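**Student:** this one's sequence-less:
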């Protein structure tokens, strides 16, 4: 039978995950509940496991005391995929992005989302953001700062998948959205 990662104590997994960049840590937390595709099958409403909750609720490792206080208060306020390797981000699917957003309760917590390098998504994985009041910025350009916006091959991101989600955010009473960076494809 052997030892499985689920046999490790939640506190240990949470501590180890603190060394990961935030997007990687959130992907790890989502994976500790269920495979990414299964989150979509339940309309992104799966409840995170106890292990996932421990990972999500533990703060990143701070570099100083001031950062510790800020990070604890708004740990999941911003996600930028520039923080992880490009060869991983280009493999991420909408199911991966959706599972991450659902696991961190992005609808209630996420203020800034930058999908840097996520060239394999069409946009339906943004569904957990539908109707959010807290999102302030979303960057759908899929490129990092000072990078050429022309992506080859052309990314899969689709305005027909993303625009209804953005409409639902804009139409929400109390909408905080101030900045949308669209894909150059549109």
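**Tutor:** All right, it came through fine. Predicted model only: the values in this text are computed from it and were never measured. Numbers count the residues shown, from 1 in each chain.
**Student:** And the contacts of stretch 25-35?
**Tutor:** Here stretch 25-35 makes contact (C-beta atoms under 8 Å, 6 or more residues apart in numbering) with 5-6, 13, 17-18, 20, 36, 39, 46-49, 51-52, 55-56, 60, 76, 79, 92, 96, 99-100, 102-104. The C-beta positions use only the backbone N, C-alpha and C, and glycine is treated the same way.
**Student:** Ignore what I typed, I meant stretch 81-88.
**Tutor:** 21-24, 89, 92, 114-118, 144-145.
**Student:** Pull the distance from that stretch to the chain's centre.
**Tutor:** When distances are taken as C-alpha atoms, centre = their mean, to the nearest Å, stretch 81-88 is centred 12 Å away from the chain's centroid.
**Student:** Next, the buried residues of that stretch.
**Tutor:** Judged by neighbour count using 16 or more other C-beta atoms under 10 Å, the buried positions of stretch 81-88 are 81-84.
**Student:** Isn't residue 127 up against residue 98?
**Tutor:** Yes - counting by C-beta atoms under 8 Å, residue 127 does reach residue 98; the two are 5.9 Å apart.
**Student:** Compare the two (neighbour count), which wins?
**Tutor:** Each of residue 127 and residue 98 has its neighbours counted (other C-beta atoms under 10 Å); residue 98 has more, 25 against 21.
**Student:** Point out the other helices and strands that the one helix or strand the more buried one maps to packs with.
**Tutor:** Residue 98 is part of helix 94-103 when elements are defined by DSSP states H and E. Here helix 94-103 touches helix 22-31, helix 36-41, going by 3 or more C-beta pairs under 8 Å, 6 or more residues apart in numbering; DSSP states H and E.
**Student:** Now do it against helix 22-31, angle only.
**Tutor:** Put simply, helix 94-103 runs at 90 degrees to helix 22-31, going by axes from the mean of the first three to the mean of the last three C-alpha atoms, to 10 degrees.
**Student:** Show me the contact partners of helix 94-103.
**Tutor:** 23, 26-27, 29-31, 33-34, 36-37, 39-40, 44-46, 48, 52, 56, 79, 106-107, 110, 115, 118, 121-129.
**Student:** While we're on residue 121, how confident is the model there?
**Tutor:** Listed pLDDT for residue 121 reads 96.
**Student:** Spell out the secondary structure type for it.
**Tutor:** coil (DSSP: H, G, I helix; E, B strand; the rest coil).
**Student:** Count the residues that sit near it.
**Tutor:** Close neighbours of residue 121, defined as other C-beta under 10 Å, add up to 25.
**Student:** so what's the backbone phi/psi at it?
**Tutor:** Here is the backbone geometry of residue 121 (degrees, to the nearest 10): phi -100, psi 150.
**Student:** any idea of the pLDDT on the residue nearest to it when sequence neighbours are not counted?
**Tutor:** Nearest non-adjacent residue to residue 121, counting by C-beta to C-beta, 6 or more residues apart in numbering: residue 94, 4.9 Å away. Per-residue pLDDT puts residue 94 at 97.
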